[in-house]
Each structure stands twice: as C-alpha cells, then as structure tokens.
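# Got a sequence here, can you model it:
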Amino acid sequence: MFGKGNLFAAANLAVFSGLAVGLALRGNDEMGWELTLALLGSTANLAYLLLSFRKEKAADTRRKAELMEELRQEAEERKERRIAERN
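Below you'll find the predicted structure:
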C-alpha cells in the first residue's frame with residue numbers, strides 16, 4: 001500500500017504541515033511568504049498522495065474485475081462439463 005514514493009510524500013507532508021502550523025502560531029506577518037510556501041508544499045504533497053491512492057484503488061478494482069471474470073468463465077466451463085457428462 002505504501003511504496004517508497006508514497007512514504008516520502010507522507011513524510012514530506014508531515015514536515016510541511018508542521019512547518020505551516022509552527023509559522024502560523026508564531027504569527028510573524030513580515031514573513032508571510034514562508035507560510036505560503038509551507039502551505040503550498042503541504043497541498044502539493046497531499047494532492048500527490050490522494051492521486052496515488054486513487055490509482056492504487058483503480059488497479060485493485062481492475063484486478064477484482066479480472067478475477068470475477070475468470071471465476072465466471074470457470075463456472076461456465078464446469079457447467080458445460082456437467083452437461084456433457086450427463087449426455
């Protein structure tokens with residue numbers, strides 16, 4: 001579920017989010033660009049994580065559909081064999 005890229009993005013998200021919270025709590029209005037960059041970094045990492053989880057879910061769904069199709073075909077083959085054995 002968590003690959004190296006996802007683990008890096010999750011750690012990066014934690015760092016940027018912590019930095020953003022720390023900067024927001026400090027409340028220095030002169031350095032608003034630091035908070036903006038921290039929020040931008042955390043947003044980018046969050047978007048990357050969400051998209052990668054979406055891709056994983058789509059791959060899992062595709063794999064489940066393939067397995068269900070294989071099971072359906074196997075059931076049809078069994079049914080045909082049973083009919084052939086009766087005759």
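# pLDDT averaged over the helix or strand where residue 50 lies - what is it?
Counting by DSSP states H and E, the element that carries residue 50 is helix 32-86. Averaged across helix 32-86, the pLDDT comes to 90.
# and it, how far from the chain's centre?
Here the centre of helix 32-86 is set off from its chain's centre by 10 Å, with C-alpha atoms, centre = their mean, to the nearest Å.
# Show me what that helix is packed up against.
helix 4-26 (3 or more C-beta pairs under 8 Å, 6 or more residues apart in numbering; DSSP states H and E). In short, each C-beta sits where N, CA and C put it, glycine included.
# so how far is the helix it packs on off the chain centroid?
Distance of helix 4-26 from its chain centroid, counting by C-alpha atoms, centre = their mean, is 18 Å.
# Let's test this: mean pLDDT of it, rounded?
Confidence for helix 4-26, expressed as mean pLDDT, is 86.
# ok, and what's touching that helix?
Applying C-beta atoms under 8 Å, 6 or more residues apart in numbering, the contact partners of helix 4-26 are 2, 31, 34-35, 38-39, 41-42, 45-46, 48-49, 52-53.
# do that again at 6 Å, thanks
Under the criterion C-beta atoms under 6 Å, 6 or more residues apart in numbering, residues 34-35, 38-39, 41-42, 45-46, 48-49, 52 lie in contact with helix 4-26.
# For that helix, C-alpha coordinates in CSV please.
Backbone C-alpha positions of helix 4-26 (Å, rounded to 0.1, in the frame of the first residue of the first chain) are rendered in CSV as follows:
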residue,chain,number,x,y,z
LYS,A,4,8.8,4.4,-1.3
GLY,A,5,7.3,7.4,-3.2
ASN,A,6,4.2,7.4,-1.0
LEU,A,7,6.2,7.2,2.2
PHE,A,8,8.4,10.0,1.1
ALA,A,9,5.4,12.2,0.2
ALA,A,10,3.8,11.3,3.5
ALA,A,11,6.9,12.3,5.5
ASN,A,12,7.2,15.4,3.3
LEU,A,13,3.6,16.3,4.0
ALA,A,14,4.1,15.9,7.7
VAL,A,15,7.2,18.2,7.6
PHE,A,16,5.5,20.9,5.6
SER,A,17,2.3,20.7,7.7
GLY,A,18,4.3,21.0,10.9
LEU,A,19,6.2,23.9,9.4
ALA,A,20,3.0,25.7,8.4
VAL,A,21,1.4,25.2,11.8
GLY,A,22,4.6,26.5,13.5
LEU,A,23,4.7,29.5,11.3
ALA,A,24,1.0,30.2,11.7
LEU,A,25,1.3,30.0,15.5
ARG,A,26,4.4,32.3,15.5
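# Appreciated, that's everything.
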